[in-house]
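*Asks:* Can you look at this prediction? I've put the sequence above it.
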Amino acid sequence: MFQLTRSVTWQALERLHRDTANDRIGDYFSHDPQRFEKMSLRVGGLFLDYSKHHLSDAVLAKLLELADHSALVQRRAQMFSGDIINVTEDRPVLHTALRSLGDEQVIVDGQDVMPEIKRTREQIRAFSEAVRDGTWKGYSGERIRDVVNIGIGGSDLGPNMACRALLNYRHGDLNFHFVSNVDGAHIQKVLRRLDPATTLFIVSTKTFSTQETLLNAKTARRWFLDNAGEDADVGAHFIAASTNRKAAMEFGIREENVFEFWAWVGGRYSMWSSIGLPIALSIGYEGFLELLEGAYEMDRHFIEAPFAENMPVLMALIGIWYINFMGAETQAIVPYDQALHQLPAFLQQLDMESNGKSVDIFGQPVNYKTGPIVWGQTGSNGQHAFFQLLHQGTRYVPIDFIASLKPEPGMEEHHFALLTNMLAQANAFMEGSQKGSQLDPYSCPGNRPSSTLLLDELTPRNLGALIALYEHKVFVQGVIWNINSFDQWGVQLGKRIAGEISERIDERTQDFDASTQGLLALVRQHFPAHQPATQTQAGRSGGKTKAKATSQGKTS
Ligand code: F6P
């Protein structure tokens, strides 16, 4: 059995870590005046500067050897060609096919899936144009003014982030709202401001079985029927993006308004599918196509570029250096761009739900670190929130700074301040407050690494490339760690226990730990309908609480 940490390359990296642990990043620049030119890379409208990293030439060369000796070339080819690489769910992984704009076929179960992908794109085009030009009418004959996406996780974070990022491209007469939390406050806050006659709901759920989404969709439908339409009108105000056509239609969505996608699209990789409907509605189908094109161009780069000039591969290897050798536990994402303020949350699911794994693809426990804790907030806000810890704390946190170069007309002064703040921070993290001198208690030690990723402009194309870049970075890390980045069994456990608790809240069950039982008792006090059977009732039924009709008329 292959042992990653016993490979010659891995052990050479461990030696290099010992040899370079006390290096100062700033000194690398003194030793090599060409460092910035050598350690920066442009792909399309994206420019990556990775020179401010704790990477000697020898370390970088050895990391590239790690990629060369991994299964990356083979696994990458398998992914793009539709082989089953999501081994625990027995599925291919084909979010890349969703944005494939070439003529290549992609075969799944013996059938080329590109024709149905193109049919769905056409369905998205026709629908988004109808809503945007007012052809699509609500039950009272008025055009749609508000679009509410109801979804969670990958059925929310991707379209939500993209619509926010591309607000400048949004249709002026359409407003977009995203409801995800099962906390009623979330949907209430949105519904109270809307007119049911001009509101369109998109029920976005791959499985059409997620508790939060179904409850929110049910509440939205109740609100619609209580305030406006008849059952027959639901079809003009509710559509679905799902793989589960049957369940969507049982909810009351017309068959032609179910925008399908497929099991071989992971939730956190699904914004390129009909889950991206809010994006197409917001920026138009042409804009959505540009988003796909940007991702497609990054796909081609990922496939064709040598690893030493391959942006996703380099970012992945840098992350592995910090996680597996330099001891970093987290990765900070700091967009110096208010339009990207939801990017950290999106990347959190993309990375942590993909690589938050502790067994390899053979089901064997790994003996090395895998996915980091991904977190972040926009700059310059972060400077006034958590940068203190990053500058003078005891933690070692690599940072991805992300910004777009082109200022918005009239906002040049703001944008100049934004970008110069970002460059200043990246320099301060690296240099510290006193170059090379004995540190006094008020100074910053520096030697803290960062990448700077610049978009020429925050356009649909460049955003598509940025997201695909991080998708492939996560993929490369998963391949080198030999884990399955495309399942998420860990989230099923919580769902199952939530079901058990809510179904049995009426019982004085001993099946849960004392803490949960004690807390349940406190919760029950606020839900009169969920009072457990009294002791005598329990006594009559021989000690076990007898099944009894609950307030909803069902038995527990
Ligand atoms: O978090 C678990 C998860 O399955 C995610 O992978 C997914 O994006 C989210 O829940 C929502 O799932 P669905 O789109 O099926 O409602």
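*Replies:* Here it is on my side, so go on.

*Asks:* Identify the residue nearest the residue in the stretch 201-350 of the chain that the ligand sits nearest to in space, chain neighbours excluded?
*Replies:* For the stretch 201-350 of the chain and the ligand, the shortest gap (C-beta to the nearest ligand atom) falls at residue 267, measuring 2.5 Å. All C-beta spots, glycine's among them, are computed from the backbone N, C-alpha and C. Once flanking residues are discounted, residue 267 sits nearest to residue 154: 3.2 Å by C-beta to C-beta, 6 or more residues apart in numbering.

*Asks:* any low-confidence regions in the stretch 1-150 of the chain?
*Replies:* 1 (pLDDT under 70).

*Asks:* shouldn't residue 128 be in contact with residue 289?
*Replies:* No: contact between residue 128 and residue 289 fails when scored by C-beta atoms under 8 Å: they sit 10.8 Å apart.

*Asks:* tell me the secondary structure for residue 239?
*Replies:* strand (DSSP: H, G, I helix; E, B strand; the rest coil).

*Asks:* would you list every one of the helices in the stretch 51-200 of the chain?
*Replies:* 57-68, 72-81, 95-98, 114-132, 157-165, 184-191 (DSSP state H, counting those that start in this stretch).

*Asks:* Distance from the chain centre to whichever helix or strand residue 519 is part of, please.
*Replies:* Assigned by DSSP states H and E, residue 519 belongs to helix 514-524. Distance of helix 514-524 from the chain centroid (C-alpha atoms, centre = their mean, to the nearest Å) equals 33 Å.

*Asks:* Name the residues of that helix that are buried.
*Replies:* 520, 524 (16 or more other C-beta atoms under 10 Å).

*Asks:* Residue 132 contacts residue 281, correct?
*Replies:* Yes: counting by C-beta under 8 Å, residue 132 does reach residue 281; the two are 6.7 Å apart.

*Asks:* Tell me which of the two has more neighbours.
*Replies:* Comparing residue 132 with residue 281 by other C-beta atoms under 10 Å, the one with more neighbours is residue 281, at 27 against 20.

*Asks:* Count the residues that sit near the residue nearest to that one when sequence neighbours are not counted.
*Replies:* Spatial nearest neighbour of residue 281, chain neighbours left out: residue 128 (5.0 Å); criterion: C-beta to C-beta, 6+ apart. Applying other C-beta under 10 Å, we find 24 residues neighbouring residue 128.

*Asks:* Same check on residue 15?
*Replies:* For residue 15, the neighbour count with other C-beta under 10 Å is 11.

*Asks:* For it, give its distance to residue 326.
*Replies:* Here residue 15 is placed at a distance of 14 Å from residue 326 (C-beta to C-beta, to the nearest Å).

*Asks:* ok, now residue 19?
*Replies:* 13 Å.

*Asks:* Can you pick out the residue with more neighbours from those two?
*Replies:* residue 326 (17 against 12).

*Asks:* Could you look up the SS state of the more buried one?
*Replies:* Residue 326 - assigned by three-state DSSP - is coil.

*Asks:* Return the residues in contact with it.
*Replies:* Taking C-beta atoms under 8 Å, 6 or more residues apart in numbering as the criterion, residue 326 is in contact with 17, 54, 396.

*Asks:* Just the ones of those in strands?
*Replies:* Among the contacts of residue 326, no member is found in strands (DSSP state E).

*Asks:* Redo these as JSON lines? Include distance to the ligand and neighbour count.
*Replies:* Formatted as JSON lines, these follow (distance: C-beta to the nearest ligand atom, whole Å; neighbours: other C-beta atoms under 10 Å):
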{"residue": "17", "distance to the ligand": "34", "neighbour count": "16"}
{"residue": "54", "distance to the ligand": "33", "neighbour count": "24"}
{"residue": "396", "distance to the ligand": "29", "neighbour count": "16"}
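
*Asks:* Redo these as TSV? Include distance to residue 386.
*Replies:* Putting the contacts of residue 326 into TSV (distance: C-beta to C-beta, whole Å) gives the following:
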residue	distance to residue 386
17	26
54	21
396	14
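
*Asks:* which secondary structure element contains the nearest residue to residue 310 once chain neighbours are set aside?
*Replies:* Once flanking residues are discounted, residue 310 sits nearest to residue 302: 6.5 Å by C-beta to C-beta, 6+ apart. Using DSSP H and E, residue 302 sits within helix 285-304.

*Asks:* Could you chop this protein up by domain?
*Replies:* 4-69+305-429+442-483, 107-285, 491-522 (the TED database).

*Asks:* mean pLDDT lowest for which of these?
*Replies:* Comparing mean pLDDT across those, the weakest is domain 491-522, with a mean of 85.

*Asks:* so, in contact with the ligand or not, that one?
*Replies:* Yes: applying C-beta under 6 Å from any ligand atom, one finds that domain 491-522 is in contact with the ligand at residue 491.

*Asks:* residues of that domain that come out buried?
*Replies:* By neighbour count on 16+ other C-beta under 10 Å, the buried set for domain 491-522 is 501, 504-509, 520.

*Asks:* Return the residues of the stretch 301-450 of the chain in contact with the ligand.
*Replies:* Of all the residues in the stretch 301-450 of the chain, those lying near the ligand are residue 353, going by C-beta under 6 Å from any ligand atom.

*Asks:* For the ligand, give me its nearest residue in the stretch 301-450 of the chain.
*Replies:* residue 353 (5.8 Å).

*Asks:* What separation do you get for that residue and residue 260?
*Replies:* If you go by C-beta to C-beta, the gap between residue 353 and residue 260 works out to 23 Å.

*Asks:* Which positions within the helix holding residue 302 qualify as buried?
*Replies:* 285, 287-299, 301-302.

*Asks:* Just want the residue of the stretch 1-150 of the chain that's nearest the ligand.
*Replies:* For the stretch 1-150 of the chain, C-beta to the nearest ligand atom, closest residue to the ligand: residue 150, 9.7 Å.

*Asks:* Please give me every residue in contact with that residue.
*Replies:* 179-180, 187, 201-204, 213, 216-217, 220.

*Asks:* Give the bridge partners for it, please.
*Replies:* For residue 150, the beta-bridge partners are residue 179, residue 203 (DSSP bridges).

*Asks:* ok but residue 451 is inside a strand, no?
*Replies:* Yes: with three-state DSSP as the criterion, residue 451 is part of a strand.
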